[in-house]
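[1] build me a model from this:
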Amino acid sequence: MPIPRTRFILIETSHAGNVGAVARAMKVMGFDDLVLVNPRWPDVLTRAEAVERASGATDVLARARTVSALDDALHGMTHLCATAMTPRDFGPPTRTPRDHFDLLLNEERSAHDRQALEADLALSKPEGVAFLFGSERYGMKNEDVYRCHCALSIPTHPDYGSLNLAAAVQLIAYDWRLALAGQGHGFDVVPATVPARHADAAQVAGMLAHWQQALVGIGFLDPQSPKKLMPRLQQLFNRAQLTPEEIHILRGIAKAMQAASGAKSETGS
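    Residues are numbered from 1 along each chain as shown. A predicted model of the protein is given here:
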């Protein structure tokens, strides 16, 4: 399934900093289509607070545009998602983002479900998906919610569901990218560290021989009655999957034990 065009639409935004933070939230999820409908500040995209809060996502701000009416922001969008936390007695169905995105992109749903969903929600192969966010103070107007195919509601604590605008955008952008990843349009996680290189059997055997000498030197291992100490240490170190660097550390400890036991012997002689 081709990736739908994705647009984030902010309606009557009043805080320039939120616009910059939204641009940042979008960019980290790989989206850059931002439209502002009748924002409080005509120059909101270039205001210092917006640029600062964008934190490097100034290219998203540069691509963004402002329009005077919602109709002008919807060109090319075939599926509209409202973001409305307040329940309404009339309007589109309310779903969590993940549930709705699964319905929207899951090509394996039953024929019955597909027919019902396509008739009810216009879910058939969306060419453009728009996420609509209302003003920070009042949220979305009823008439704007009514024209959408779904109202997305982020699951929050029942006693406190107040989300900052940029935080709401980040959550929905993440869930949308997660859903797109199931269609082959996700991002790989880059490991924070280089995968460890394990020591080979010869290095482990050499370290164990060194430890055996050191343990005898400090009197912990009786060479006449070793029992199963060394095989147990062998199993312990096998489970640890030691790296060459860790082998060097353990051999350094063995060397220090040998030095300490030698000094003790000289003192006691």
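[2] when you work out contacts or count neighbours from here on, use the C-alpha atoms and nothing else.
    Fine.
[3] for residue 73, which non-adjacent residue is closest in space?
    Leaving aside its sequence neighbours, residue 73 sits nearest to residue 35 (CA to CA, 6 or more residues apart in numbering; 6.3 Å).
[4] so which elements touch the helix or strand encompassing that neighbour?
    Taking DSSP states H and E as the definition, residue 35 sits inside strand 34-37. Under the contact definition 3 or more CA pairs under 8 Å, 6 or more residues apart in numbering; DSSP states H and E, strand 34-37 sits against strand 5-11, helix 58-63, strand 65-67.
[5] among those, which comes closest to residue 193?
    Judged by CA to CA, the one of those that comes nearest to residue 193 is helix 58-63, at 29.4 Å.
[6] in the protein, where is pLDDT below threshold?
    When residues are selected by pLDDT under 70, those of the chain lie in 1, 85-89, 107-125, 184-186, 188-192, 263-269.
[7] on that earlier part again, could the helices and strands packed on strand 34-37 be laid out in CSV, adding mean neighbour count and distance to residue 140?
    Formatted as CSV, the entries for these read as follows, by neighbours: other CA atoms under 10 Å; distance: least, CA to CA, whole Å:
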stretch, mean neighbour count, distance to residue 140
strand 5-11, 23, 8
helix 58-63, 17, 22
strand 65-67, 17, 17
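[8] adding distance to residue 245, write the ones you listed out as TSV.
    Formatted as TSV, the entries for the helices and strands packed on strand 34-37 read as follows, by distance: least, CA to CA, whole Å:
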stretch	distance to residue 245
strand 5-11	48
helix 58-63	43
strand 65-67	54
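[9] ok, which of the ones you listed comes nearest residue 207?
    Closest to residue 207 of the helices and strands packed on strand 34-37, according to CA to CA: helix 58-63, at 54.8 Å.
[10] what about the residue nearest the centre of the chain, helix or strand, and which?
    In the chain, the C-alpha closest to the average C-alpha coordinate belongs to residue 174, at a distance of 6.7 Å (CA atoms, centre = their mean). Per DSSP H and E, residue 174 falls inside helix 165-181.
[11] counting neighbours, which bits of that helix end up buried?
    Within helix 165-181, the residues that qualify as buried by neighbour count (16 or more other CA atoms under 10 Å) are 165-166, 168-170, 172-180.
[12] of those, just say which sits nearest to residue 241.
    Nearest member of these to residue 241, counting by CA to CA, is residue 178, at 33.7 Å.
[13] look up how far residue 171 lies from that closest one.
    Distance, residue 178 to residue 171, by CA to CA, to the nearest Å: 11 Å.
[14] same check, this time on residue 136
    In terms of CA to CA, residue 136 sits 16 Å off from residue 171.
[15] can you report phi and psi for the spatially closest residue to residue 77 that is not a sequence neighbour?
    Nearest non-adjacent residue to residue 77, counting by CA to CA, 6+ apart: residue 128, 4.2 Å away. Dihedral pair for residue 128: phi -150, psi 130, per degrees, to the nearest 10.
[16] number of residues surrounding residue 128?
    17 (other CA atoms under 10 Å).
[17] picking that back up, now the residue nearest to the centre of the chain, nearest residue through space, not along the chain?
    Once its chain neighbours are removed from consideration, residue 174 has its nearest residue in residue 29; the separation is 6.3 Å (CA to CA, 6+ apart).
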